[in-house]
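[1] need a structure here:
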Amino acid sequence: MRVDERAPQVVVGHDGSDGARHAVDWAALEAAQRGVGLAIVECVDRTPVDQPPLMTWPMPPTGTVLDERAVRDEAEDRLATVAARVRQDHPGIEVTTAVASGPAAETLPEVAGGDDVVVVGSSGRGAVSRALLGSTASELLRTCDRPLVVVRGTEDPAPGGGRVVVGTDGACAGATEFAFDFAARHGLELVAVHTRTSPPGDRLDLVHQEDDDPGGEHHAGERLLDEALAEPGRRHPGVPVHRVLRFDAPADALADEARHAALLVVGSHGVGPLRSLLTRSVSHAVVHHAPCPVAVVRTGAQEERGAP
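    Just a heads-up that it's a prediction; the model follows:
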């Protein structure tokens, strides 16, 4: 069966690290909430040993010749153990496993279908990777055209706060819908945040304002929130919504509002090279600094791939 013909599922990357274990736990709970299957994927990168592979464990000494079959066997054993634990914790969901060849940042989006959600840990193994955003997560933020959730390390995969925070700029409707859906399924409040930092007349501003409106920036932001929340609010009438308009740097405002949140959702879109660069910068920044899992939902990916 082709990827785009099967039922939607949650696809999670695994590499044997604590961060990956937390990501699997979060993904399993999300799959159970969505009523879909869970695919746990471990990627074996054929990188030379003097350039350590991203997702093989345990790491061999430098100069060791890797036997790919042995590496794959070890990965399959790890996945079998992880899958057994997930099935015990969530007996109602279908769990599949796969060992794939190639870098995780390239392979996971290929495994995922158009309606799937991709989940990864924020970092892999080692003290440096725990302090910084892992290379796999960082690359996926740049390239993945599926909804991507980056899970910060936590012992409890259940939503840790009473709200979902979404950054709203009027161009990423998919992010707002994703946030509403998550809030509805978990019984959480939605906090919609719009930030404005550009002075009047800035051509990068996504909201066009009237020159004779003395409160142009404020009114334009309120109008944008109205428009962005109207349609998903009608589809999810039971979700309480709190609107926030801030004049601040977007990443700082979102990370601040996401304190004690269950999930922070941001959009990433391609509406021109400079705007695309700015939105990627915001998504990277919030994943680095947010105190909770972050979902990055890319808008316009199908159009960019030439899909109908």
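[2] could you use CA atoms for every contact and neighbour count after this?
    Will do.
[3] is the closest residue in space to residue 240 that isn't next to it in sequence bridged to anything, and to what?
    Leaving out its chain neighbours, the residue that sits closest to residue 240 by C-alpha to C-alpha, 6 or more residues apart in numbering is residue 189, at 5.0 Å. Beta-bridge partners for residue 189, by DSSP bridges, are residue 163.
[4] residues touching residue 189, list them.
    Residue 189 is in contact with 162-164, 183, 239-242, counting by C-alpha atoms under 8 Å, 6 or more residues apart in numbering.
[5] what of residue 196?
    Going by C-alpha under 8 Å, 6+ apart, residue 196 touches 217, 221, 245-250.
[6] quick one, strands of the stretch 201-308 of the chain?
    Secondary structure of the stretch 201-308 of the chain (DSSP state E, counting those that start in this stretch): strands at 241-246, 263-269, 294-299.
[7] just so I know, which of those lies nearest residue 176?
    Across the strands of the stretch 201-308 of the chain, the minimum distance to residue 176, taken as C-alpha to C-alpha, is reached by strand 263-269, at 7.7 Å.
[8] please report phi then psi for residue 108.
    With angles defined as degrees, to the nearest 10, residue 108 sits at phi -60, psi -50.
[9] isn't it up against residue 10?
    No: here residue 108 does not reach residue 10: they are 11.0 Å apart, not a contact under C-alpha atoms under 8 Å.
[10] common neighbours of those two, please.
    Contact criterion C-alpha under 8 Å, 6+ apart; residues bridging residue 108 and residue 10 by contacting each: residue 118.
[11] can you show me the helices along the stretch 1-150 of the chain?
    For the stretch 1-150 of the chain, the helices defined by DSSP state H, counting those that start in this stretch cover 18-34, 68-89, 104-111, 127-131, 135-143.
[12] pick the most buried one from the ones you listed.
    Compared across the helices of the stretch 1-150 of the chain, helix 18-34 shows the largest average neighbour count, a mean of 23 (mean count of other C-alpha atoms under 10 Å).
[13] quick one on the thing from earlier: same list (the strands of the stretch 201-308 of the chain) but as CSV, adding distance to residue 84.
    Compiled in CSV, those are given as follows (distance: least, C-alpha to C-alpha, whole Å):
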stretch, distance to residue 84
strand 241-246, 39
strand 263-269, 27
strand 294-299, 27
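[14] nearest to residue 121, out of the ones you listed?
    Of all the strands of the stretch 201-308 of the chain, strand 294-299 sits nearest to residue 121, with 10.4 Å by C-alpha to C-alpha.
[15] thinking again about what came up before, from the contacts of residue 196, which single one is nearest residue 115?
    Residue 115 lies nearest to residue 250 out of the contacts of residue 196, by C-alpha to C-alpha, at 27.7 Å.
[16] show me what the closest residue to the closest one other than its chain neighbours is bridged to.
    Closest residue in space to residue 250, ignoring its immediate chain neighbours: residue 195 at 5.7 Å, by C-alpha to C-alpha, 6+ apart. When bridges are called by DSSP bridges, residue 195 pairs up with residue 246.
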